[in-house]
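Chemist: fold the following for me, if possible:
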Amino acid sequence: MTTNETLAQYSDWAFRSAFTVLALALVLLIVQYASTRARAVQEKELVSAGARPASSAAVPGRVVEQPKKPMSERFGGMGSAVLVVGTLLIFASIVLRGFATDRFPLGNMYEFVTMACAAALVVGLALLSKPAYRPMWVFLLVPILILMFLAATVLYADAAPVVPALRSYWLPIHVTIVSVGSGVFLVSGIASLLFLLRMRYPRGEEGTGVFARVAERLPDAQTLDRLAYKTTIIGFPLFGAGVILGAIWAEAAWGRFWGWDPKETMSFIAWVIYAAYLHARATSGWRDTKAAWINIAGFVAMLFNLFIINMVVSGLHSYAGLT
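Modeler: All right, here's what the predicted structure looks like:
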């Protein structure tokens, strides 16, 4: 099995282009975030002074021009469009890598993280499409770009055939489900972090500090909590199915369903933490900040499983590049 170097190069270019485009989207959305807040402050000052915008004054016999869209809306619209382009580019890099290697492109950590970032982008585009949710993209794109940077530097692996242990039909089934579940949990973890920030600063009054000003333009706390819960409901069965299918693959590859390998153990711990979050979320007295902290603990366990277990601890999952 050989590698098509031309397609592999195109895949790398598509990935770098996706990173650049998503970074541009982040800049546009930051401008939208800041200008939205500036416009809100200006309107608040006008109201407190008893004034109103000149465009609101009616003049008999005069045609009133339609006001232009606020700068925040224009930058938000551009940022959303650029986000779609970046998502298409990262999927193009995945597809091209698959054709270049003539295998499913999930054979190492670079490819796994790329798929997880693509899944997080798709979930974000599906659930954060409303203009009111656009401020959340500022906080979601930052970890996605960090993961993509790490994938392209520390975790990068040349396009090449996988080792014999990974030449199985279980690879696209098991690893795809786990990587997509990880991407969904990324959105859930960010939503819980923002929920805690919103609970700490529910009204975002002026002069109460940087975090209060950041929280001011976020959706309300209940919306963020529902988003975290909704995404966990999606990711939990996906990740659970991935663990179960991995056990079936382990039986076929190693002759046992479960061997307490570090990767297996940490995946199970993360799954239990998310189960505890769902239980706490439905339990009176735990629905607010306590449940959110459990969800964040699950997100940290996922990151620990991805980086520390894969890169530091040696185990049976250490044959896939850095994995």
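
Chemist: does residue 198 touch residue 215 like I think?
Modeler: Yes - using C-beta atoms under 8 Å, residue 198 is in contact with residue 215, at 5.4 Å. Using the backbone N, CA and C atoms, a C-beta is placed for each residue, glycine as well.

Chemist: tell me which element residue 228 falls in.
Modeler: Element membership for residue 228, per DSSP states H and E: helix 221-254.

Chemist: which neighbouring elements make contact with that helix?
Modeler: Here helix 221-254 touches helix 109-127, helix 170, helix 176-200, helix 262-281, helix 289-304, going by 3 or more C-beta pairs under 8 Å, 6 or more residues apart in numbering; DSSP states H and E.

Chemist: mind doing that once more with 6 Å?
Modeler: helix 176-200, helix 262-281 (3 or more C-beta pairs under 6 Å, 6 or more residues apart in numbering; DSSP states H and E).

Chemist: compute the inter-axis angle for the last one and helix 289-304.
Modeler: Read that as helix 262-281. 170 degrees (axes from the mean of the first three to the mean of the last three C-alpha atoms, to 10 degrees).

Chemist: now do helix 262-281, average pLDDT.
Modeler: The average pLDDT within helix 262-281 is 90.

Chemist: how about residues contacting it?
Modeler: Contact with helix 262-281 is made by 229, 236, 239-240, 243, 286-287, 291, 294-295, 297-298, 301-302, 305, 309, 313, 315, 317, as judged by C-beta atoms under 6 Å, 6 or more residues apart in numbering.

Chemist: so which of the helices and strands packed on helix 221-254 gets nearest residue 30?
Modeler: Across these, residue 30 has its closest neighbour in helix 176-200 (15.3 Å, C-beta to C-beta).

Chemist: so who does residue 83 touch?
Modeler: residue 25.

Chemist: now it: which helix or strand?
Modeler: According to DSSP H and E, residue 83 maps onto helix 71-101.

Chemist: starting at the chain centroid, how far to that helix?
Modeler: Offset of helix 71-101 from its chain centre (C-alpha atoms, centre = their mean, to the nearest Å): 14 Å.

Chemist: kindly report the same for stretch 10-26.
Modeler: Distance, stretch centre to chain centre, for stretch 10-26: 16 Å (C-alpha atoms, centre = their mean).

Chemist: buried set for that stretch?
Modeler: 10-12, 14-15, 17-19, 21-26 (16 or more other C-beta atoms under 10 Å).

Chemist: in this protein, where is pLDDT below threshold?
Modeler: The model of the chain has pLDDT under 70 over residues 1, 36-72, 164-166, 203-208, 310-323.

Chemist: could you measure from the residue nearest the centre of it over to residue 14?
Modeler: By C-alpha atoms, centre = their mean, the chain has its centre lying nearest to residue 120, at 3.7 Å. Remark: distance between residue 120 and residue 14 (C-beta to C-beta, to the nearest Å) = 18 Å.
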